[in-house]
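Asker: model this:
(one chain, ligands or ions: 4)
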Amino acid sequence: MFVVLVFLLLPSTKTNTVPEVDSSKKKNVIFMVTDGMGPASLSLARSFRQHRDNLAIDDVLELDHYLVGSSRTRSSSSLVTDSAAGATAFSCALKSYNGAIGVDPHKQPCGTILEGLKLQGYLTGLVVTTRITDATPAAFSSHVDYRFQEDLIAEHQLGEYPLGRAVDLIIGGGRCHFYPTSDAEGHGCRADSRNLIEDAQKNGWQYVGDRAQFDALQGGKNISLPLLGLLADGDIPYDIDRDSKVHPSLAEQVKVALTALSEATKDSDKGFFLLIEGSRIDHAGHHNDPAAQVREVLAYDKAFQEVIKFIDESDVETVAISTSDHETGGLVTARQISPSYPDYLWRPEVLLNSTHSGEYVARKVFNYKHKDDLKKFKKFIAEEIIEKDLGVTNYTSEEIELVVENAASVNDVLYVFNNIISVRSQTGWTTHGHSAVDVNIYAHTNSESIKAKLLSNKAHHGLLGNHENIEIGEFMASITGVDLEEVTTSIQGTKHSP
Ligand SMILES: *[C@@H]1O[C@H](CO)[C@@H](O)[C@H](O)[C@H]1NC(C)=O
Ligand SMILES: *[C@@H]1O[C@H](CO)[C@@H](O)[C@H](O)[C@H]1NC(C)=O
Ligand SMILES: *[C@@H]1O[C@H](CO)[C@@H](O)[C@H](O)[C@H]1NC(C)=O
Ligand SMILES: [Zn+2]
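Answerer: Numbers count the residues shown, from 1 in each chain. Ligands and ions are numbered 1, 2, ... in the order given. The predicted structure follows:
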């Protein structure tokens, strides 16, 4: 009896042991970032889609099936992080200050998971919907003291730093920092006179600059790596505004990347690392634009679906982790719109009626030629913009006045339009900036050993439950055997100050 009791009281080592992941086995690591997407964005997108497609209450997003934990997002300098520190937490697995791109709190370049895997022989890719030189992709593929150093970020991304070229595939926006400001067609914004796209082509990059060239990639089957795909000067348009004849969807971009990278690593004993970002969920949050945001989240969910399909069909050990760097907008799916006690509801039907983002209609108003004729201008705002583009019929004369007053600035007037939609849909926003709420972690793998580790808790360096954001970077390094400190040593000479 005594013996049995002792046995029962001893902690069971068996059930607590997580099998080690064989880091040398061929692997694909897909890291996905929903920039600025907090839990409320999912509630919003789910309810919107249920309403739009007349789906059951229990119909959920693809992402919802893969929830494993949540992430605490603070940076070394603030409880509210920015995307630069947020992405550096994932890429270098360390906390740094807001604005830091692949550098530590002392502004020293830190080795990233992308670089570590490249050094091991993996192929690497970046797929985003914003500028490729923006914070999230930059923090994996460059090292600068401040996120605004986008000219230098572009140079690093093409291999102009001690490691040489670490990126094999780029698809996104952001031609601007690859062309000089003097560029005749007005694509450029570099402070120097360099044309990095010409340089890249001389160095063997295949360049793709428009939809036709993107289509000639044949879904990824007709690519020669390295590939530089820059499909817009700045951001790729919001999905709600996107003309599919001009810009591919994020899901299409992802499909091309997955096909190209898996094809190119087919005969290798190393797989690929791919960063995918739903970049503009964040922008819709900054703009307080619920109609744009639900479409961004749904476009990301489609891209996530492509990744799940790829993993389930792949015979290479593959893992995808999807999380956010932070929440943006302080979004809530309810809003008190009058002094009396509020009804418990919000109205997704208002978002469905709106067929353009606030940014898009703000540009339209800004560019309107006959602002001097006030009567004509007001009619244009009421009929062309608010009724037709936003699908709102019960606008007030005060709202039209507000548009007129703010029409000289795209940034100011977009908030007026987005407020018209937010109030009517009873969507709440608490800031034009970021918030510190925890964000979700999602994951999927076709490997039993990676799955066991993923679903283990903190003690076993898994991702189940609540985590610091840097633990996600640590997880990717641990399953692949990347020694980030070693990578840091190999990039010491990197030029990084402004
Ligand atoms: C494959 O890509 C090349 C350019 O690299 C292009 O000339 C060719 O037309 C493409 N093939 C197809 C079938 O689209
Ligand atoms: C949506 O648009 C239609 C047509 O303009 C309008 O009749 C309806 O009231 C709108 N619905 C909402 C919720 O604004
Ligand atoms: C406009 O209609 C919506 C319902 O579609 C209602 O909630 C809102 O109060 C109305 N707004 C104004 C200013 O009349
Ligand atoms: Zn942001």
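Asker: residue 440 falls within a strand, correct?
Answerer: Yes - Residue 440: assigned to a strand according to DSSP: H, G, I helix; E, B strand; the rest coil.
Asker: so it bridges to which residues?
Answerer: residue 70 (DSSP bridges).
Asker: gap between it and ligand 2?
Answerer: 29 Å (Cβ to the nearest ligand atom, to the nearest Å). (Each C-beta comes from the backbone N, C-alpha and C, glycine too.)
Asker: check residue 7 and give its pLDDT.
Answerer: At residue 7, the predicted lDDT confidence score is 45.
Asker: one more: residue 137?
Answerer: Reported pLDDT for residue 137: 98.
Asker: how much space between the closest residue to ligand 2 within the stretch 301-450 of the chain and residue 395?
Answerer: The nearest approach of the stretch 301-450 of the chain to ligand 2 comes at residue 353, 3.7 Å away (Cβ to the nearest ligand atom). Distance from residue 353 to residue 395, counting by Cβ to Cβ, to the nearest Å: 12 Å.
Asker: do the same with residue 273
Answerer: Remark: distance between residue 273 and residue 395 (Cβ to Cβ) = 49 Å.
Asker: higher neighbour count, those two?
Answerer: Between residue 273 and residue 395, counted using other Cβ atoms under 10 Å, the more crowded position is residue 273 (31 against 17).
Asker: list the contacts for the residue nearest to the more buried one when sequence neighbours are not counted?
Answerer: Closest residue in space to residue 273, ignoring its immediate chain neighbours: residue 117 at 4.4 Å, by Cβ to Cβ, 6 or more residues apart in numbering. For residue 117, the contact set (Cβ atoms under 8 Å, 6 or more residues apart in numbering) comprises 29, 124, 273, 480, 482.
Asker: for the residues you listed, which one is nearest ligand 1?
Answerer: The closest of the contacts of residue 117, once distances to ligand 1 are taken by Cβ to the nearest ligand atom, is residue 124, at 20.8 Å.
Asker: and that closest one, how many residues sit next to it?
Answerer: Counted with other Cβ under 10 Å, residue 124 comes out at 26.
Asker: now residue 278
Answerer: 27.
Asker: ok, it touching residue 298?
Answerer: No - if you go by Cβ atoms under 8 Å, residue 278 and residue 298 don't touch, sitting 10.0 Å apart.
Asker: what residues does the stretch 51-200 of the chain put near ligand 2?
Answerer: For the stretch 51-200 of the chain, no residue is in contact with ligand 2 (Cβ under 6 Å from any ligand atom).
Asker: okay, strands next: where are they in the stretch 51-200 of the chain?
Answerer: In the stretch 51-200 of the chain, the strands defined using DSSP state E, counting those that start in this stretch lie at 67-72, 123-131, 169-173.
Asker: can you redo these as a markdown table with distance to residue 458 and mean pLDDT?
Answerer: Formatted as a markdown table, the strands of the stretch 51-200 of the chain follow (distance: least, Cβ to Cβ, whole Å; pLDDT from 0 to 100):
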| stretch | distance to residue 458 | mean pLDDT |
| --- | --- | --- |
| strand 67-72 | 10 | 98 |
| strand 123-131 | 28 | 98 |
| strand 169-173 | 33 | 98 |
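Asker: which one of those lies nearest to ligand 3?
Answerer: Nearest to ligand 3, of all these, is strand 123-131, at 31.0 Å by Cβ to the nearest ligand atom.
Asker: angle of the closest one against strand 169-173?
Answerer: Counting by axes from the mean of the first three to the mean of the last three Cα atoms, to 10 degrees, strand 123-131 lies at 0 degrees to strand 169-173.
Asker: packing partners of strand 123-131?
Answerer: Here strand 123-131 touches helix 113-120, helix 135-141, strand 169-173, helix 250-264, strand 272-278, going by 3 or more Cβ pairs under 8 Å, 6 or more residues apart in numbering; DSSP states H and E.
Asker: for ligand 1, what is the nearest residue in the stretch 351-498 of the chain?
Answerer: Nearest residue of the stretch 351-498 of the chain to ligand 1, counting by Cβ to the nearest ligand atom: residue 446, 30.5 Å away.
Asker: my read: that residue touches residue 312, true?
Answerer: Yes - look at residue 446 against residue 312 with Cβ under 8 Å: they come within range, at 6.5 Å.
Asker: would you map the helices across the stretch 101-250 of the chain?
Answerer: Secondary structure of the stretch 101-250 of the chain, counting by DSSP state H, counting those that start in this stretch: helices at 113-120, 135-141, 150-157, 196-202, 211-215, 250-264.
Asker: contacts for the third one next, please.
Answerer: With contacts defined as Cβ under 8 Å, 6+ apart, helix 150-157 is touched by 101, 126, 131-134, 137-138, 141-144, 161, 167, 170, 174, 176-178, 190-192, 196, 494-496.
Asker: could you redo the last one with a cut-off of 7 Å?
Answerer: Outside helix 150-157, the residues within contact range by Cβ atoms under 7 Å, 6 or more residues apart in numbering are 101, 132-133, 138, 141-144, 167, 170, 177-178, 190-192, 196, 495.
Asker: in PyMOL, select just the buried ones from those.
Answerer: Restricted to buried positions by 16 or more other Cβ atoms under 10 Å, the PyMOL selection for those reads:
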select buried, resi 101+132+133+138+141+142+143+144+167+170+177+178+190+196
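Asker: about what we covered before: TSV for the strands of the stretch 51-200 of the chain, including distance to residue 349?
Answerer: Converted to TSV, the strands of the stretch 51-200 of the chain look like this (distance: least, Cβ to Cβ, whole Å):
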stretch	distance to residue 349
strand 67-72	27
strand 123-131	27
strand 169-173	32
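Asker: dump those to CSV, plus distance to ligand 3.
Answerer: Formatted as CSV, the strands of the stretch 51-200 of the chain follow (distance: least, Cβ to the nearest ligand atom, whole Å):
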stretch, distance to ligand 3
strand 67-72, 33
strand 123-131, 31
strand 169-173, 35
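Asker: could you give the average pLDDT over the top helix by length along the chain?
Answerer: Taking DSSP state H as the criterion, the chain has its longest helix at helix 290-313. The average of the pLDDT scores along helix 290-313 is 98.
Asker: nice, that's everything, thank you.
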